[in-house]
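# Please work out how this folds:
(one chain, ligands or ions: 3)
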Amino acid sequence: MNDQTEIIEALGVTPTFNAAQEARRRVSFLKDYLAASGLQTYVLGISGGVDSLTAGMMAQRAVQELRAASYNAEFVAVRLPYGEQADERDAQAALNAIEPDRVVTVNIKAPADAMMAQVKAGGFTPVDRAQEDFLLGNIKARQRMIAQYTLAGGMRGLVIGTDQAAEALMGFFTKFGDGAADILPLAGLNKRRVRAIAEYFGAPANLVFKVPTADLESDAPMRPDEDAYGVTYDQIDDFLEGKPIEETARARIMRAYRTTAHKRALPVAANAPAHSF
Ligand SMILES: Nc1ncnc2c1ncn2[C@@H]1O[C@H](COP(=O)(O)OP(=O)(O)OC[C@H]2O[C@@H]([n+]3cccc(C(=O)O)c3)[C@H](O)[C@@H]2O)[C@@H](O)[C@H]1O
Ligand SMILES: Nc1ncnc2c1ncn2[C@@H]1O[C@H](COP(=O)(O)OP(=O)(O)OP(=O)(O)O)[C@@H](O)[C@H]1O
Ligand SMILES: [Mg+2]
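Ligands and ions are numbered 1, 2, ... in the order given. Next up, the predicted model:
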């Protein structure tokens with residue numbers, strides 16, 4: 001086994017893929033887990049990006065099928081803009097495609113700004129504007145987590161996370177922010193497989209093939225994830241399918257995977273076996 005093979009296995013990426021079968025399996029997974037938990041609601045933030053679009057389409061199908069089988073279930077789509085969102089039209093188009101049972105909108109600007117202001121008032125001074133913007137980005141992701149868990153707590157619900165294999169590989173998520181969730185219906189899918197499932201569900205092509213963005217930096221709205229990675233999603237997806245990729249990209253990916261191991265694990269515990277940094 002080489003490093004690439006081990007990572008592919010660890011992230012649960014399968015050698016073959018069939019969109020219809022994977023869509024079915026994952027909708028069934030959402031149905032089974034909600035019914036087994038005895039809870040009632042799935043909660044998921046809808047950003048306008050393809051990951052939340054795809055997970056949202058799965059969740060809406062799952063609760064519809066549960067209701068058809070006389071199980072009381074509901075899907076709540078959550079809009080979580082920071083002020084005005086540059087791609088609000090895409091978010092609305094995603095909601096149109098999903099047709100969720102319910103939409104709740106929570107503007108996270110006031111709580112996110114208030115947290116940064118209080119941390120600064122408490123005595124911390126960011127080194128520069130860029131650091132402040134980066135830290136505020138992670139606060140935004142964590143405020144979205146708080147809103148979703150508040151709704152889940154109040155509605156006998158579970159929070160859906162959109163973590164998939166491409167983001168997991170790169171560790172490209174905020175720890176305990178968008179990385180926090182109860183259930184991960186997209187786990188093990190690389191980006192092109194997420195897109196293939198969205199297409200299978202009949203989602204609009206402009207949303208399916210939209211440029212992925214975390215959109216967390218106020219100073220660089222809609223910044224493509226690929227800019228931050230320094231590698232392309234095609235390279236990441238090829239890597240996850242076991243294909244050879246160009247050496248610089250491979251080294252970047254291996255480094256990102258190694259340095260973000262802590263984000264894919266439970267907190268390091270004093271009584272756990274020895275770990276490496
Ligand atoms: N070795 C270690 N062992 C245990 N814990 C360790 C650690 N190193 C850092 N940590 C902890 O982890 C923290 C750093 O992790 P974190 O707070 O997540 O922060 P960080 O990884 O620095 O930033 C998050 C990155 O994910 C991107 N992101 C975030 C959210 C959504 C998306 C998206 O695609 O939608 C992308 C974002 O643009 C940024 O590049 C440190 O402050 C420290 O508390
Ligand atoms: N503005 C937002 N409103 C609601 N939810 C959001 C917002 N921004 C992020 N989220 C939540 O955080 C998750 C992580 O964001 P991420 O950018 O990785 O996924 P995406 O936007 O769905 O797809 P893509 O990665 O292609 O942009 C989203 O799937 C969504 O659940
Ligand atoms: Mg996004």
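
# For the stretch 101-250 of the chain, which residues are neighbours of ligand 1?
Contacts of the stretch 101-250 of the chain with ligand 1, taken as C-beta under 6 Å from any ligand atom, map to 137-138, 141, 167, 172-175, 177-178, 214, 216, 225, 228. C-beta coordinates here come from the backbone N, C-alpha and C atoms, glycine included.

# And the residues you listed, which of them are buried?
Among those, those scoring as buried are 137-138, 141, 167, 172-175, 177-178, 214, 216, 225 (criterion: 16 or more other C-beta atoms under 10 Å).

# Which of the residues of the stretch 101-250 of the chain next to ligand 1 sits closest to ligand 2?
In terms of C-beta to the nearest ligand atom, no member of these lies closer to ligand 2 than residue 178, at 4.0 Å.

# okay, now the closest residue to ligand 3 within the stretch 151-277 of the chain: neighbour count?
Minimum separation of the stretch 151-277 of the chain from ligand 3 (C-beta to the ion) falls at residue 213, amounting to 5.0 Å. Residue 213 sits with 21 neighbouring residues when counted by other C-beta atoms under 10 Å.

# Burial check on the spatially closest residue to residue 208 that is not a sequence neighbour, number of neighbours?
With sequence-adjacent residues excluded and distances taken as C-beta to C-beta, 6 or more residues apart in numbering, residue 208 is closest to residue 198, at 4.6 Å. Counted by other C-beta under 10 Å, the residues lying close to residue 198 total 27.

# Can you tell me the SS state at the residue of the chain most remote from its centre?
Relative to the average C-alpha location in the chain, and by C-alpha atoms, centre = their mean, no residue lies farther out than residue 123, which sits at 32.2 Å. Look at residue 123: counting by DSSP: H, G, I helix; E, B strand; the rest coil, its state is coil.

# Can you give me every residue that contacts it?
With contacts defined as C-beta atoms under 8 Å, 6 or more residues apart in numbering, residue 123 has no neighbours.

# circling back to that earlier point, between all of the buried ones among the residues of the stretch 101-250 of the chain next to ligand 1, which two are separated the most?
175 and 225 (16.9 Å; C-beta to C-beta).

# Now the closest residue to ligand 3 within the chain: phi and psi?
Proximity to ligand 3, evaluated over the chain using C-beta to the ion, is greatest for residue 49 at 3.2 Å. Phi and psi for residue 49, reported as degrees, to the nearest 10, are phi -90, psi 170.

# just residue 213 next, same as before
The phi and psi torsions at residue 213 (degrees, to the nearest 10) take the values phi -140, psi 140.

# any idea what sits nearest it, other than its immediate chain neighbours?
Leaving aside its sequence neighbours, residue 213 sits nearest to residue 222 (C-beta to C-beta, 6+ apart; 5.0 Å).
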